[in-house]
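J.: quick one, structure for this:
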Amino acid sequence: VIALASHIRSVSMKEAAAFLAGDSAAVDNGTAPRTGNGHNKLPEERPKEDVRSLKPLGYLEPDHESLRAIGLEGETCRHFGAGYAPKGIMRGKLAIPIHDWRTGHLVAYCGLGVRAESKGLSFPKDFDPLLHIFNGDKITDGEVTLMRDPLEVMAAFQNGVENGIAFFTGDLLAEQLQALADLMQAKSIAAIHIA
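T.: I've put the predicted structure just below:
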């Protein structure tokens, strides 16, 4: 985690460790993380985007047999607000809600094929999933496990691992690492484990 913070913030390992520990002395004595212009100051908080909040899809079926076939129990689906979509643009798929991790607002649903030939995630037109973190709005402080995809997070929750998160893209990009660092700071995350 220290190496990740050091890389993202372009500071030494010592400065990154002080930053993660919340050491205000490091900020006061000039060892604060540097911005790209070389000045010693903390980066400004990103402005909160105007997030549209959707209403949950009331017709989803959390106990559908096709979801049990991929290992998901109805109670797990209800916890996440997910379910089989019998109609709409997600028809025939597991509809998984996407919440803004900062505000908790529901911003979109993604669809996951429940048959072997259609396992990829699909998203609404003009929706960019890049910086959204699945389950980021529900995690608590302490340790978090970064998993490959939302289905893995849901299955882990079903087996007692509650602080799991995942990105919605296959590759881990620099912007996502920054979002992960922001999440760690905002939620007081002590460590992130990669599953």
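
J.: in what helix or strand does Gln185 lie?
T.: Secondary structure from DSSP states H and E places Gln185 in helix 174-187.

J.: quick test: name the residue nearest the centre of the protein.
T.: By Cα atoms, centre = their mean, the mean C-alpha position of the chain lies nearest to Ile133, the distance being 1.6 Å.

J.: for stretch 141-152, measure first residue to last.
T.: End-to-end distance for stretch 141-152, by Cα to Cα, to the nearest Å: 20 Å.

J.: ugh, wrong one, I meant stretch 70-87
T.: The first and last residues of stretch 70-87 sit 20 Å apart, counting by Cα to Cα.

J.: buried residues in it?
T.: With burial defined by 16 or more other Cβ atoms under 10 Å, the residues of stretch 70-87 counted as buried are Ile70, Leu72, Thr76, Cys77, Phe80, Gly81, Ala82, Gly83, Tyr84, Ala85. (Glycine included, C-beta is placed from N, CA and C.)

J.: list just the nearest of those to Arg9.
T.: Nearest to Arg9 out of the buried residues of stretch 70-87 is Phe80 (Cβ to Cβ; 32.1 Å).

J.: tell me the contacts of the closest residue to the closest one other than its chain neighbours?
T.: With sequence-adjacent residues excluded and distances taken as Cβ to Cβ, 6 or more residues apart in numbering, Phe80 is closest to Met154, at 5.8 Å. Under the criterion of Cβ atoms under 8 Å, 6 or more residues apart in numbering, the contact list for Met154 reads Leu72, Thr76, Cys77, Phe80, Ala82, Ile96.

J.: before we move on, back to that, following element in sequence after the helix holding Gln185, please.
T.: Using DSSP H and E, the next helix or strand after helix 174-187 towards the C-terminus is strand 189-194.

J.: could you please name the strands that next one pairs with and the direction of each pair?
T.: Strand 189-194 has these partner strands in its sheet, going by DSSP bridges: strand 142-147 (parallel).

J.: the next helix or strand after the strand it pairs with vs strand 142-147, what angle?
T.: From strand 142-147 onward toward the C-terminus, using DSSP H and E, the following helix or strand is helix 150-158. Comparing the axes of helix 150-158 and strand 142-147 via axes from the mean of the first three to the mean of the last three Cα atoms, to 10 degrees yields an angle of 140 degrees.

J.: for the helix or strand following helix 150-158, packing partners?
T.: Helices and strands here follow DSSP H and E; after helix 150-158, the next one along the chain is strand 164-167. Strand 164-167 makes packing contacts with strand 133-134, strand 142-147, helix 150-158 when contacts are defined by 3 or more Cβ pairs under 8 Å, 6 or more residues apart in numbering; DSSP states H and E.

J.: please work out which of these is packed deepest.
T.: strand 133-134 (a mean of 25; mean count of other Cβ atoms under 10 Å).
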